[in-house]
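*Asks:* With the sequence up front, the predicted model follows.
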Amino acid sequence: MKRTLLVVVCLLFAFVIQAQSADKKKKSDIKFKFSGFLKSDYFWDTRQTVSAREGHFLLYPAPVKEDPDGVDINSTPNFNFLSIQSRIRVDISGAKALNADITGKIEVDFFGQLNPNINLMRLRVAYINMNWGNTELRFGQDWIPMFITDCFPGTVSFNTGTPIQPFGRNPQIKLTQKFGKFKLIAVAMAQRDFADRGAMGPTSQYLRNSATPEFSLQMHYKSVNKEEGTAFIAGLGASYKTIKPQIETGTGYKTDEMLGGFKSIAFLKYQAKKLTFKLEGIYGQNIPDMLSIGGFLVSDSVDVVKGYVKYSTMQTMSFWTDIHTNGKKWQFGVFAGYTQNLGANEDMVGPVYGLGTNIADLYRVSPRAIFNAGKVRFALEFEYTVANYGATRNAKGVPTTITQANNLRSLFSVYYFF
């Protein structure tokens, strides 16, 4: 009996050792790739700006603000030195599930969420990707559909052309189906760091209270010739979201009034051996969640006693182009773009909510020069932005009685890639 028990114990011990060995072997198949960069930005502005993180993420020049003597207070220049854009990325691969290759990515920077917590770590991207070859399914936080990772401005500035170029990263479910050189992309998206704006300020609650995510559908075409060093990428897409601006009126009554918003995009990129050309056009309704000007307004007062109102989206149009050389050591480029507030479909009878709703239109030109020395990069960019502010509005909410504000940002950046 004792001998039998000893044999069983030995067999169990051998089984445990073998299982641990197999488990270690499985774990060793998981691979981690660390990358990122250190970046220091040194910038100087000719006037005060509307921006985030102590001026680092520039949107547009602040409006003219005259003192009693008629002197523009916001014409005061300013500067800053910051390294908060430095970034760490971990790519994870090696796992399999449901016949799919499983990969993941997590990326952080030190941008913080608000000025008080600047320098603190912030989640940028975190997702799980399941790949069956021609079909991919992604769960997690990634770039918004309107930010095309194959075609975006190559600016030195972290704003990447915002508010002309859509910008943002939010939680989503993304399905990609490839058909040769074409791919169809469908996305259901929520909001987190980049959210709509209303009476409660910027918050994801407007979209969450609608009980429906934002839906997007895009078609991309991509042809790459690695031997020739050329590529052609083009695509178009559309998104639709519904928000509920409030669930309680100002007089304390429950309300279920919704507001829908449509947006569309078309883009192309042509990469030759020595030069790359990019072009993009955007039309959107109520799109401050992607840091574009515009929003929505109150268009009707249905019941004054109970506080019931109706809303109308403000429409925004934008387009930009970016051209740069493809040299390995030296690269020269220029970004140019324009955005305009087209107003609402209905007449305004109440407040206007959004981002830059007092701007009629805005344009930007940003020439740049980049020098690469191994893993170190030195970059210089001059970003000239002109915003036309309105002191009044017409019936559709478009700013009128224009006063122009302009800013020139001189930006010098140093990178170390790892």
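*Replies:* Cool, the structure landed.
*Asks:* From now on I want contacts and neighbour counts done on CA atoms only, so please keep to that.
*Replies:* OK.
*Asks:* what stretches of this protein score poorly on pLDDT?
*Replies:* Across the chain, residues meeting the criterion (pLDDT under 70) sit at 1-28.
*Asks:* Now for the closest residue in space to D72 that isn't next to it in sequence, how many residues are close by?
*Replies:* Once flanking residues are discounted, D72 sits nearest to E66: 4.4 Å by C-alpha to C-alpha, 6 or more residues apart in numbering. A total of 12 residues lie near E66 under the criterion other C-alpha atoms under 10 Å.
*Asks:* you'd agree E66 is up against I73?
*Replies:* Yes. With contact taken as C-alpha atoms under 8 Å, E66 and I73 are classed as touching, separated by 5.8 Å.
*Asks:* quick one, what contacts the closest residue to C151 other than its chain neighbours?
*Replies:* Taking C-alpha to C-alpha, 6+ apart, and ignoring the residues beside it in sequence, C151 has K269 as its nearest neighbour in space, at 6.2 Å. Under the criterion of C-alpha atoms under 8 Å, 6 or more residues apart in numbering, the contact list for K269 reads 151, 231-234, 276-279.
*Asks:* Show me what counts as buried in the host helix or strand of K269.
*Replies:* According to DSSP states H and E, K269 maps onto strand 259-271. Taking 16 or more other C-alpha atoms under 10 Å as the neighbour-count basis, strand 259-271 is seen to contain the buried residues 259, 261-271.
*Asks:* C-alpha coordinates for that strand, PDB please?
*Replies:* Once side chains and other backbone atoms are set aside, the C-alpha atoms of strand 259-271 remain, and they are given as PDB (Å, rounded to 0.1, in the frame of the first residue of the first chain):
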ATOM      1  CA  LEU A 259     -29.700  65.100 -31.500                       C
ATOM      2  CA  GLY A 260     -28.200  63.200 -34.500                       C
ATOM      3  CA  GLY A 261     -25.000  64.100 -36.300                       C
ATOM      4  CA  PHE A 262     -23.500  62.900 -39.600                       C
ATOM      5  CA  LYS A 263     -19.900  63.200 -40.700                       C
ATOM      6  CA  SER A 264     -18.000  62.100 -43.800                       C
ATOM      7  CA  ILE A 265     -14.400  61.900 -45.000                       C
ATOM      8  CA  ALA A 266     -12.500  61.400 -48.300                       C
ATOM      9  CA  PHE A 267      -8.700  61.200 -48.500                       C
ATOM     10  CA  LEU A 268      -5.800  60.200 -50.700                       C
ATOM     11  CA  LYS A 269      -2.000  59.800 -50.400                       C
ATOM     12  CA  TYR A 270       0.500  59.400 -53.100                       C
ATOM     13  CA  GLN A 271       4.100  58.500 -52.200                       C
END
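*Asks:* how far out from the middle of the chain is it?
*Replies:* 13 Å (C-alpha atoms, centre = their mean, to the nearest Å).
*Asks:* ok, the very next helix or strand once past that strand: who's next to it in the sheet?
*Replies:* For strand 259-271, the succeeding helix or strand toward the C-terminus, using DSSP H and E, is strand 275-285. When sheet partners are counted by DSSP bridges, strand 275-285 sits next to strand 259-271 (antiparallel), strand 308-325 (antiparallel).
*Asks:* Need the ones you listed in JSON lines (columns: distance to A195).
*Replies:* Listed next are the strands paired with strand 275-285 as JSON lines, based on distance: least, C-alpha to C-alpha, whole Å:
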{"stretch": "strand 259-271", "distance to A195": "14"}
{"stretch": "strand 308-325", "distance to A195": "16"}
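*Asks:* do you know which of the ones you listed lies nearest W44?
*Replies:* strand 308-325 (23.0 Å; C-alpha to C-alpha).
*Asks:* State the phi and psi torsions of the residue positioned nearest the centre of the chain.
*Replies:* With distances taken as C-alpha atoms, centre = their mean, G168 lies nearest the centre of the chain, 1.9 Å away. Torsion angles at G168 (phi, psi; degrees, to the nearest 10) stand at phi 160, psi 160.
*Asks:* what's it in contact with, if anything?
*Replies:* Contacts for G168 were tallied using C-alpha under 8 Å, 6+ apart; they are 143-144, 147, 193-194, 289-291.
*Asks:* could you redo the last one with a cut-off of 6 Å?
*Replies:* If you count contacts by C-alpha atoms under 6 Å, 6 or more residues apart in numbering, G168 has them with 144, 194, 290.
*Asks:* Please tell me how far it sits from N134.
*Replies:* When C-alpha to C-alpha, to the nearest Å is the yardstick, G168 and N134 sit 27 Å from each other.
*Asks:* ok, the helix or strand R368 falls within: who's next to it in the sheet?
*Replies:* Secondary-structure element containing R368, defined by DSSP H and E: strand 359-373. Note on strand 359-373: by DSSP bridges, its sheet partners are strand 330-344 (antiparallel), strand 376-393 (antiparallel).
*Asks:* For I84, find the nearest of those.
*Replies:* Relative to I84, the nearest member of these by C-alpha to C-alpha is strand 376-393, separated by 16.6 Å.
*Asks:* ok, and what's touching that closest one?
*Replies:* Strand 376-393 is touched from outside by 358-371, 399-416, with contacts defined as C-alpha under 6 Å, 6+ apart.
*Asks:* The nearest residue to Q315 once chain neighbours are set aside: what's it in contact with?
*Replies:* For Q315, ignoring the flanking residues on the chain, the nearest one in space by C-alpha to C-alpha, 6+ apart is Q285 at 4.5 Å. Q285 makes contact with 261-262, 313-315 under the criterion C-alpha under 6 Å, 6+ apart.
*Asks:* Same check on T160?
*Replies:* P153.
*Asks:* Next, it: secondary structure please.
*Replies:* State at T160, reduced to three classes by DSSP: H, G, I helix; E, B strand; the rest coil: coil.
*Asks:* what's the distance between it and P145?
*Replies:* 15 Å.
*Asks:* I figured K396 hits G343, correct?
*Replies:* Yes. Assessed by C-alpha atoms under 6 Å, K396 is found in contact with G343 at 5.2 Å.
*Asks:* Compare these two (neighbour count), which wins?
*Replies:* For K396 and G343, the more surrounded residue by other C-alpha under 10 Å is G343, and the numbers stand at 27 against 18.
*Asks:* Let me see the contact set for that one.
*Replies:* Applying C-alpha under 6 Å, 6+ apart, one finds that G343 lies in contact with 314-315, 396-398.
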